[in-house]
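what's the 3D shape of this:
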Amino acid sequence: MLKVEFLNGKTGLIFGDLHRLDTPITEENLFKEVTTYFLKNIDKDKGLKEFTEKEIQAIKEGTILKGMSKTALWVSIGPASKENDWGSGGKQLIYGDRFYVYIKDGKVIDWQVMSK
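Just a heads-up that it's a prediction; the model follows:
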């Protein structure tokens with residue numbers, strides 16, 4: 001059982017058998033594994049009508065693509081650890097210490113991975 005906060009601010013409980021997951025659950029992979037498990041069979045007929053077919057595919061794969069909404073990005077790879085303003089109303093989302101995603105008008109416009 002997981003307590004979750006939905007994007008609309010409401011909270012709820014999700015029940016499921018985490019033993020069915022493909023990977024043992026650790027603190028580091030909990031979000032990714034649970035999200036992947038619950039989204040495996042999502043399509044337009046089963047909900048998430050706000051997402052495009054390409055966004056749904058990216059969510060299933062845990063990837064991002066240019067033009068995807070900030071909400072789809074969050075569902076696909078999780079929340080950023082930090083968010084900065086980035087010129088002309090854009091946002092820079094920081095994941096960890098090396099991965100940056102750039103958002104403008106609520107859509108992904110680019111991303112980069114910084115080398116160590």
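
Let me know whether Tyr100 touches Lys91 as I believe.
No - contact criterion CB atoms under 8 Å: Tyr100 and Lys91 do not qualify, at 10.4 Å. Backbone N, C-alpha and C define where each C-beta goes, glycine included.

which residue ranges form the helices in this protein?
For the chain, applying DSSP state H gives helices covering 30-39, 53-61, 70-77.

what's the neighbour count on the residue nearest to Glu61 when sequence neighbours are not counted?
Closest residue in space to Glu61, ignoring its immediate chain neighbours: Ser76 at 7.9 Å, by CB to CB, 6 or more residues apart in numbering. Ser76 has 25 neighbouring residues, counting by other CB atoms under 10 Å.

quick one: pLDDT of Ser76?
On the pLDDT scale, Ser76 is placed at 84.

My guess is it contacts Gln57. True?
No - counting by CB under 8 Å, Ser76 sits too far from Gln57 to count as a contact (9.9 Å).

residue contacts, Val113?
98-100 (CB atoms under 8 Å, 6 or more residues apart in numbering).

now those residues in CSV, with neighbour count, distance to Lys82 and pLDDT?
CSV is the format used below for these (neighbours: other CB atoms under 10 Å; distance: CB to CB, whole Å; pLDDT from 0 to 100):
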residue, neighbour count, distance to Lys82, pLDDT
Arg98, 11, 12, 89
Phe99, 16, 11, 92
Tyr100, 18, 10, 94
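
where are the low-confidence patches of the chain?
For the chain, the stretches with pLDDT under 70 are 1-48.

rerun at 80
Applying pLDDT under 80 to the chain flags the ranges 1-50, 60, 116.

Many thanks, we can stop here.
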